[in-house]
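S.K.: Output the structure for:
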Amino acid sequence: MEGLFKLWTSFLASGVEAVAGLIIAFAALQACIRALLIFLDRSRAAAQYEGIQAERIRLRLGRWLALALEFELGADILRTAIAPTWTEVGQLAAIAAIRTLLNYFLQQEIDRAVRRDPERAHPVQDEPASVSSVNSAIGKLKNEPD
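M.R.: Just a heads-up that it's a prediction; the model follows:
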């Protein structure tokens, strides 16, 4: 019976790790697309806000990475939930400490950025601007001479 629980928990932990991997992949893809749009938008107004937009991309990516770290920690806990050895417990403690510290410092960075600019506390508010940036970048690409 213990072997069955261990096997099931192992599958569950792998699923949780897969979710973390998907979160990281989608967050990185989103950040790459947004950064590319900033890079392609060469208007004067865009140049003035380039740093602000880059900071928002960085903070959004940081939030998603923090979430993925939580999923990874959950997967590690699941792996050692059934009949752990002392070696596994020690490894979990080390991994948990490292991931918790990473998450803590990442959250501190996000909080400092939000204190500098309270609008960043609500990243969804700038979504329509992102859509207009996409449309603007596409329009400029269409109008540029070959």
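S.K.: Mind jotting down where the helices sit in the chain?
M.R.: Using DSSP state H, the helices of the chain run over 2-40, 44-79, 86-116, 127-143.
S.K.: Can you give me every residue that contacts Thr80?
M.R.: Contact analysis of Thr80 by C-beta atoms under 8 Å, 6 or more residues apart in numbering lists 88-89, 91-92. Heads up, the C-betas are built off the backbone N, CA and C, glycines and all.
S.K.: picking up where we left off before, just the helices of the chain: most buried one?
M.R.: Greatest average neighbour count among the helices of the chain goes to helix 44-79 (a mean of 16), per mean count of other C-beta atoms under 10 Å.
S.K.: need the contact list for the most centrally placed residue in the chain.
M.R.: Taking C-alpha atoms, centre = their mean, the centroid of the chain lies closest to Trp64, which sits 2.4 Å from it. For Trp64, the contacting residues are 23-24, 26-27, 30, by C-beta under 8 Å, 6+ apart.
S.K.: Now render the contacts of Thr80 as TSV, adding pLDDT and distance to Glu2.
M.R.: Listed next are these as TSV, based on pLDDT from 0 to 100; distance: C-beta to C-beta, whole Å:
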residue	pLDDT	distance to Glu2
Glu88	84	15
Val89	87	17
Gln91	87	20
Leu92	87	18
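S.K.: Select, from those residues, the two members most distant in space.
M.R.: Using C-beta to C-beta, those span at most 7.4 Å, a distance reached by Val89 and Gln91.
S.K.: which of the contacts of Trp64 lies closest to Ala113?
M.R.: Each of the contacts of Trp64 was scored against Ala113 by C-beta to C-beta, and Ala27 proved nearest at 16.6 Å.
S.K.: I'd assumed Ala66 was in contact with the closest one.
M.R.: No. Taking C-beta atoms under 8 Å as the definition, Ala27 is not a contact partner of Ala66, at 10.1 Å.
S.K.: Leaving out chain neighbours, which residue sits closest to Ala13?
M.R.: Spatially, and ignoring its direct neighbours in sequence, Ala13 is nearest to Leu78 (3.9 Å; C-beta to C-beta, 6 or more residues apart in numbering).
S.K.: Equivalent analysis for Ala20, please.
M.R.: Nearest to Ala20 is Phe71, by C-beta to C-beta, 6+ apart, at 3.7 Å.
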